[in-house]
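> Sequence and predicted model, in that order:
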Amino acid sequence: MLSVILIWLYMLFTCYVMGVASIRVIAGESYSCKQKVSYLYAGIGAVTVFAQLFSIFWKVGLAANAILLLACGFSILFLKKEFLNHLYAFRLTITPVKAIVFLLLFLGFAYGASTGVIHYDTGLYHAQSIRWIEEYGIVPGLGNLHSRLAYNSAAFCLSALYSMAFLGGQSYHCCAGFLAFLLALVCMEALTKERIKKPKLSDFARLVAIYYLFMIFDEMVSPASDYFMVLLVFFILIRWLELIEKKEDSYLPYAFLSVLSVSVMTVKLSGALILLLTVKPAAMMLGEKRGKEIVKFLVAGLLTVLPFLVRNVILSGWLVYPFTSIDLFSFAFKIPKGMADYDAKEIQVWGRGFSDVERYGESLAKWFPEWAAHLDGSNKVFLAMALLGILLWMAYLAYAVIKRKKDMLDFLHTAGTLMVCFLFWLLSAPLVRYGCVFLWMFPVMVWGFLYLKISPHMDRFKIYLIILVLFGTYKLAVFGIEVGKGATIQYLVRQKDYENFETVDYELHGYTFYYPVQGDRVGYRDFPSAPVKAEDIFLGDTIQEGFKDVIHE
């Protein structure tokens, strides 16, 4: 826990400084975020891009952190007045109650990120992916050693940057917990008398986000990309809804959230269609004829996604592995099309809850009932409300067109984006952890909008308060029981390490490789490894030269 606290303090400093600097570079001196947590999210986006970019040229470790600190130093030097103003504003606005809440959340989530359940896929490939970034940065054709090592995610680069493995101890994995802590801060912003008495859609989004935080509290010790994506999307939606509720008429805050939406795509492709939100700031800038600003944000978006795409190509030979519809390259290290297609089918079938890839071609009518039957009770309710919500959204659209209700345009756009994201998830790989934010948030948006429109304010307050109290009491009780069962002082100093499994070693070109004695997981310690013993797939004599596929040559 102490190790997590120290790393989080370092992350708070570096992300905040880089967030202020990146916003200032794009927006100039005229723009300022009212919620200081937003600077941290901007910094997370900027630092994630930096970590990916650095990994293309060198291993992500001491040198990367030294350059990051140097960039922070220059930023503070050139923006000294602004940072002093931030400190002054913080001193004026922080109250003893706020400080206590911040401290309790910080310590609570630091504990949660120090212990808990290690995700199965972390032992399968998350830990190895992060270690490859720590040791080599990137290696051409790495997916030929193990196809899942080609599942490129910006989350792994960010985890490698803050893992502190270069210090010689363990490799820490604190970033998912850090994002969970930040989201908790955003959720706590709604705990005011005014917001509780008169809740808005953004407050409903916060309730769902809190529900998710309870769910992953004992799992966020794992650096799984699912958590990164969902946590980022929740933040984007909450802030986006707040802007709409305040009738924000400046394109800048929407545009910055749109750039962060690009980061979501680089973390996990199941969240890629959140990019449809960018339609609003794009339309605003076009309407105001802000050509210079359009170019700035296009460049920011391109710089955000470019390292991700470059890493995809180097790892697999494909622009977006394992999807082969875009076939641009013919490198010697390219993963064969047949293997990539099989991987894509396996992801989709696994998302439907099946293990037999032969079921890939089944019709919706055949696989959907079986998949839905295996959902737990709460997700069945969310699914039913989401499917009915599609009809409700269409009714809203028809009503808005007939009545010419321009004031509904922002809601229709946001809810429509969530609807498309939900359908994309549902019809591709509908594993709940891949896209729960869309499964939950779409019905909450459309039904919540109806509820807010038809309920009197007093009744709304009573119903909302009843839901809040019942939900809070139930979740806190269950949460307390679960945390109490697993409570331990074992990890008060160091974070729980990656799981490691028994392996067999063998030699290739003078390097020692590993594969598991049983199953398909290895963990972090035995490196490099794959689920099965690899043949001689070296492109040259060294690992840095990369790997090729020999089975399909």
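Yep, it's here. Values in this document were obtained by computation on a predicted structure and should not be read as measured data.
> Could you give the number of residues near the nearest residue to E502 once chain neighbours are set aside?
Leaving out its chain neighbours, the residue that sits closest to E502 by Cβ to Cβ, 6 or more residues apart in numbering is V517, at 4.5 Å. Any C-beta I mention is one placed from the backbone N, CA and C, and that applies to glycine too. By other Cβ atoms under 10 Å, 10 other residues sit near V517.
> F78 now?
Residues lying near F78 (other Cβ under 10 Å) number 12.
> What separation is there between it and E29?
12 Å (Cβ to Cβ, to the nearest Å).
> so how far does stretch 425-433 reach from one end to the other?
Counting by Cα to Cα, to the nearest Å, you get 11 Å between the two ends of stretch 425-433.
> residues in contact with L431?
Going by Cβ atoms under 8 Å, 6 or more residues apart in numbering, L431 touches W350, G351, R352, G353.
> Cross those residues against helices and list the overlap.
Here DSSP state H is the test, and the contacts of L431 give W350, G351 as lying in helices.
> And the contacts of L431, which of them are buried?
Buried members of the contacts of L431, scored by 16 or more other Cβ atoms under 10 Å, are G351, R352, G353.
> Please report the distance of the residue nearest to E502 from K533.
11 Å.
> Mutual contacts of those two, please.
Residues touching both V517 and K533 (Cβ under 8 Å, 6+ apart): V504.
> what about S330, neighbour count?
7.
> Same check on F83?
17.
> what do you get for M394?
Neighbour count for M394, taken as other Cβ under 10 Å: 12.
> Could you do the one 3 residues further on as well?
By the criterion of other Cβ under 10 Å, L397 has 14 neighbours.
> What of the one 5 residues further on?
As a burial measure, I402 scores 8 neighbours (other Cβ under 10 Å).
> The one 3 residues further on now?
Other residues near K405 number 13, with proximity taken as other Cβ under 10 Å.
> What's the separation between the closest residue in space to it that isn't next to it in sequence and A386?
Closest residue to K405 apart from its sequence neighbours, by Cβ to Cβ, 6+ apart: Y399 at 6.9 Å. Taking Cβ to Cβ as the measure, Y399 falls 20 Å from A386.
> Have a look at the two and say which one is more surrounded.
A386 (25 against 12).
> Which helix or which strand is home to that one?
Following DSSP states H and E, one finds A386 within helix 377-403.
> Quick check: closest non-adjacent residue to the residue positioned nearest the centre of the chain.
When the chain is reduced to its mean C-alpha position, the closest residue under Cα atoms, centre = their mean turns out to be M229, at 2.0 Å. What sits nearest to M229 in space, not counting adjacent residues and going by Cβ to Cβ, 6+ apart, is K268, at 3.9 Å.
> and that neighbour, what pLDDT?
As predicted, K268 sits at a pLDDT of 95.
> One more: R525?
With respect to pLDDT, R525 scores 96.
> Next: G28.
pLDDT at G28 comes out at 81.
> ok, it to Q544 distance?
Computed with Cβ to Cβ, the distance linking G28 and Q544 is 42 Å.
> Next: S75.
33 Å.
> Could you check which of these two is surrounded by more residues?
Comparing S75 with Q544 by other Cβ under 10 Å, the one with more neighbours is S75, at 21 against 12.
> Name the helix or strand for that one, please.
Element membership for S75 (DSSP H and E) is helix 62-78.
> Could you point out which of the contacts of L431 is nearest to G43?
G351 (32.1 Å; Cβ to Cβ).
> What is the neighbour count of the closest residue to the closest one other than its chain neighbours?
Leaving out its chain neighbours, the residue that sits closest to G351 by Cβ to Cβ, 6+ apart is A429, at 2.7 Å. Residues near A429, counting by other Cβ under 10 Å, number 19.
> Just list the residues touching A429, thanks.
Going by Cβ under 8 Å, 6+ apart, A429 touches S270, I347, Q348, W350, G351, R352.
> Dump those residues into TSV; add distance to T192 as well.
Formatted as TSV, the contacts of A429 follow (distance: Cβ to Cβ, whole Å):
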residue	distance to T192
S270	34
I347	43
Q348	44
W350	43
G351	39
R352	43
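> Pick the one among the residues you listed closest to Y125.
Distance ranking of the contacts of A429 against Y125, using Cβ to Cβ, places I347 first at 12.9 Å.
> any idea which element the closest one lies in?
In the assignment (DSSP H and E), I347 maps to helix 337-351.
> For that helix, what is the distance to the chain centroid?
Computed by Cα atoms, centre = their mean, to the nearest Å, the chain-centroid distance of helix 337-351 equals 22 Å.
> buried ones in that helix?
Buried, per 16+ other Cβ under 10 Å, within helix 337-351: M339, A340, D343, A344, K345, E346, I347, Q348, V349, G351.
> How about the contacts made by F109?
F109 neighbours (Cβ under 8 Å, 6+ apart): G177, A180, F181, A184, F217, M220.
> what helices or strands is the helix holding I347 leaning on?
Using 3 or more Cβ pairs under 8 Å, 6 or more residues apart in numbering; DSSP states H and E, no helix or strand is in contact with helix 337-351.
> Beyond it, next helix or strand please.
Counting by DSSP H and E, the next helix or strand C-terminal to helix 337-351 is helix 364-373.
> buried stuff in that next one?
Residues of helix 364-373 classed as buried by neighbour count (16+ other Cβ under 10 Å): W367, W371.
> mind giving me the domain split of the chain?
The chain is divided into the following domains under automatic domain parsing: 2-335, 375-454.
> first to last residue in the longest one, what's the distance?
What it means is domain 2-335. Using Cα to Cα, one end of domain 2-335 lies 42 Å from the other.
> just stretch 119-131 next, same as before
Stretch 119-131 has an end-to-end distance of 16 Å (Cα to Cα).
> and it, how far out from the chain's middle?
Here stretch 119-131 is found 16 Å from its chain centre; the criterion is Cα atoms, centre = their mean.
> from now on call the first residue 66
Got it, the first residue is 66 from now on, which makes the last one we talked about stretch 184-196.
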